[in-house]
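Colleague: based on what follows, work out the 3D shape:
(one chain, ligands or ions: 1)
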Amino acid sequence: MSPDGTSRSQGRQVQILGDGCAALSLAARAAELPDHEITLVRPAGAPAAAEHIWGFWGGAGLEAATRLARASWASWVIATETDKVVMTSTARPYFALRRSDWTTYCRGRAAAAGVVMLDETLATGAGIEPAIQPGIQQFDSRPPPVPQGMMLQHFIGLEVRAPTPVFDPQTAILMDFRVDQSHGMHFVYLLPFSPTEALVESTLFSPETLAEEDYLAAIRDYLARHYGVSEFETLHRERGVIPLGQLKRRDPAIEGIGGNGGAIRPSSGYAFIFIQRQIDNAIREAGATGRLAVTSPHKGIDLAMDAVLLTVLRHWPETAPELFLRMGKALTGDEFVRFLNGEADWGLRLKVVMAMPKLPFLRGALRLVTNGRQAKHARAA
Ligand SMILES: Cc1cc2nc3c(=O)[nH]c(=O)nc-3n(C[C@H](O)[C@H](O)[C@H](O)COP(=O)(O)OP(=O)(O)OC[C@H]3O[C@@H](n4cnc5c(N)ncnc54)[C@H](O)[C@@H]3O)c2cc1C
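Modeller: Predicted structure coming up:
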């Protein structure tokens, strides 16, 4: 039934809970699902959408996102206290896309294709219960619960305007480890939009978030130390806490999509590209079988390698700068993109393994196996 109570044409009824990246990216492609009637529900309890940038490497199927992107860079850097590597890919540049530009585009496409959008946050009374409704296929994109002690990617980013031209708009800074490493793996991510404007994020991979002032102090110190910028204007602020690891769905009875459907890459926190891939696969499956099937966009081997890397980063974070630097030096820009985007073949995976120092990874793998056994015994006891 449509919101005005009239009957819609008979197709498979699909209801998506949430109106974030995954929900809207799927709704935007409703025209490719002619046999489906899609309803998108902004759920009760949903927080106000906060603006931020999605960074991702371009590739097939991402044409709409790359067209809408605010900026792109064919070169990016990984830097440590003693060394740095510049990687380049003209075929697969790195893009920055504003969240609002993508969601506005998706809403427009969804509306044009007849997707019904309900806003539960405006409803009075009980509202729509996210319970299984007979005959309706539901997808839940609300974030899954994050277990205590899980590895997190946590950051605060400031979009800054410097008083003088100091940034190099040709090169994005993917990871600059020349910041305090005492709270875990910590780097600055800097997207230079112009010689005077950049998004500068203080980013950590660790189980504990920091006080807001710690991230801000790291950004201030970094800009002063490496760009001679001690005064700057803050144009925008963004903050994120992204769980790194495999998560249980928010509601086991409802199919998950997006972060709630395993789309976040555990070793990097990147999700935008994987959400698009998850949706591509689901639409392809619907074309073949008639039913949207949302599955993990990651390969088992990539998840296994990510689990070892995360174990290393959790227990031996001091090895992180060297690990990422080595990876950057061993791979071409295109290979680096393929590896991070989950497009690696066995040859490329082997190249990454060979580039890594062996001892931390052997210790990491051993620790993972030991922890797994202990958890199994604890469950059995
Ligand atoms: C600040 C920030 C920057 C990021 N940058 C990048 C990046 O550069 N590249 C990248 O690939 N990934 C990035 N990510 C990770 C990932 O891409 C995003 O989190 C992405 O939005 C995940 O999509 P999603 O649809 O799963 O979740 P969301 O887009 O977060 O959508 C979740 C939906 O659930 C609703 N919801 C949330 N909480 C509740 C609640 N308590 N009750 C009811 N409803 C709720 C929301 O309103 C929304 O409708 C970033 C994440 C953040 C937070």
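Colleague: if we ignore the residues flanking it in sequence, what's nearest the residue of the stretch 1-150 of the chain found nearest the ligand?
Modeller: Here the residue of the stretch 1-150 of the chain nearest the ligand is residue 20; by C-beta to the nearest ligand atom that distance is 1.9 Å. The C-beta positions use only the backbone N, C-alpha and C, and glycine is treated the same way. Nearest residue to residue 20 in three dimensions, chain neighbours excluded: residue 141, at 5.9 Å (C-beta to C-beta, 6 or more residues apart in numbering).
Colleague: what's the burial count for that neighbour?
Modeller: By the criterion of other C-beta atoms under 10 Å, residue 141 has 30 neighbours.
Colleague: contacts only, for it.
Modeller: Applying C-beta atoms under 8 Å, 6 or more residues apart in numbering, one finds that residue 141 lies in contact with 16-18, 20-23, 256-261.
Colleague: same question for residue 314.
Modeller: Contacts of residue 314 by C-beta under 8 Å, 6+ apart are 151, 184, 206-207.
Colleague: tell me how many other residues crowd residue 90.
Modeller: Residue 90 has 9 nearby residues by other C-beta under 10 Å.
Colleague: scratch that, residue 108
Modeller: 11.
Colleague: am I right that it sits in a helix?
Modeller: Yes: using DSSP: H, G, I helix; E, B strand; the rest coil, the assignment for residue 108 is a helix.
Colleague: do you know the pLDDT at it?
Modeller: For residue 108, the pLDDT comes out at 98.
Colleague: does the closest residue to residue 86 other than its chain neighbours count as helix, strand or coil?
Modeller: Nearest residue to residue 86 in three dimensions, chain neighbours excluded: residue 77, at 5.2 Å (C-beta to C-beta, 6+ apart). Counting by three-state DSSP, the backbone at residue 77 sits in strand.
Colleague: and the furthest pair within the contacts of residue 314?
Modeller: The two members of those with the most space between them (C-beta to C-beta) are 151 and 184, at 9.0 Å.
Colleague: relative to residue 33, how far out is residue 204?
Modeller: Plainly put, residue 204 is 40 Å away from residue 33 if you go by C-beta to C-beta, to the nearest Å.
Colleague: between those two, which one's more packed in?
Modeller: Set residue 204 next to residue 33 and count neighbours by other C-beta under 10 Å: residue 204 wins out with 24 against 21.
Colleague: and the more buried one, which of the three is it?
Modeller: Look at residue 204: counting by three-state DSSP, its state is strand.
Colleague: list the contacts of it.
Modeller: Per C-beta under 8 Å, 6+ apart, neighbours of residue 204: 153-155, 183-186, 210.
Colleague: the closest residue to it other than its chain neighbours: how many residues sit nearby?
Modeller: Excluding the flanking residues, the one nearest residue 204 by C-beta to C-beta, 6+ apart is residue 186, at 4.8 Å. By the measure other C-beta under 10 Å, the count of residues near residue 186 is 26.
Colleague: re the thing from before, which neighbours do residue 151 and residue 184 share?
Modeller: Joint contacts of residue 151 and residue 184 (C-beta under 8 Å, 6+ apart) are 205-207, 313-314.
Colleague: what does this protein put close to the ligand?
Modeller: 18-23, 42-43, 45-47, 52-56, 141-143, 238, 240, 242, 258-260, 270-272, 275 (C-beta under 6 Å from any ligand atom).
Colleague: separate out the buried members of the contacts of residue 204.
Modeller: 153-155, 184-186, 210 (16 or more other C-beta atoms under 10 Å).
Colleague: using CSV, lay out those residues together with pLDDT.
Modeller: Output for the buried ones among the contacts of residue 204, formatted as CSV (pLDDT from 0 to 100):
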residue, pLDDT
153, 98
154, 98
155, 98
184, 95
185, 97
186, 98
210, 98
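Colleague: can you list which of the contacts of residue 314 are found in strands?
Modeller: residue 206 (DSSP state E).
Colleague: what subset of the contacts of residue 314 is buried?
Modeller: For these, buried by 16+ other C-beta under 10 Å: 151, 184, 206.
Colleague: ok, these vs the ligand, which is closest?
Modeller: For these, the nearest to the ligand is residue 151 (14.6 Å; C-beta to the nearest ligand atom).
Colleague: what is the worst-scoring helix or strand of the chain on mean pLDDT packed up against?
Modeller: In the chain, no helix or strand scores lower on mean pLDDT, DSSP states H and E than helix 358-380, which sits at a mean of 77. When contacts are defined as 3 or more C-beta pairs under 8 Å, 6 or more residues apart in numbering; DSSP states H and E, helix 358-380 packs onto helix 300-315.
Colleague: in the stretch 151-300 of the chain, which residue sits closest to the ligand?
Modeller: For the stretch 151-300 of the chain, C-beta to the nearest ligand atom, closest residue to the ligand: residue 258, 2.5 Å.
Colleague: does that residue touch residue 24 like I think?
Modeller: No: contact criterion C-beta atoms under 8 Å: residue 258 and residue 24 do not qualify, at 9.8 Å.
Colleague: the two: which is more packed in?
Modeller: Per other C-beta under 10 Å, whichever of residue 258 and residue 24 has more neighbours is residue 258, with 30 against 26.
Colleague: skip the chain neighbours and tell me the closest residue to that one.
Modeller: Nearest one to residue 258, counting by C-beta to C-beta, 6+ apart, is residue 22 at 2.6 Å.
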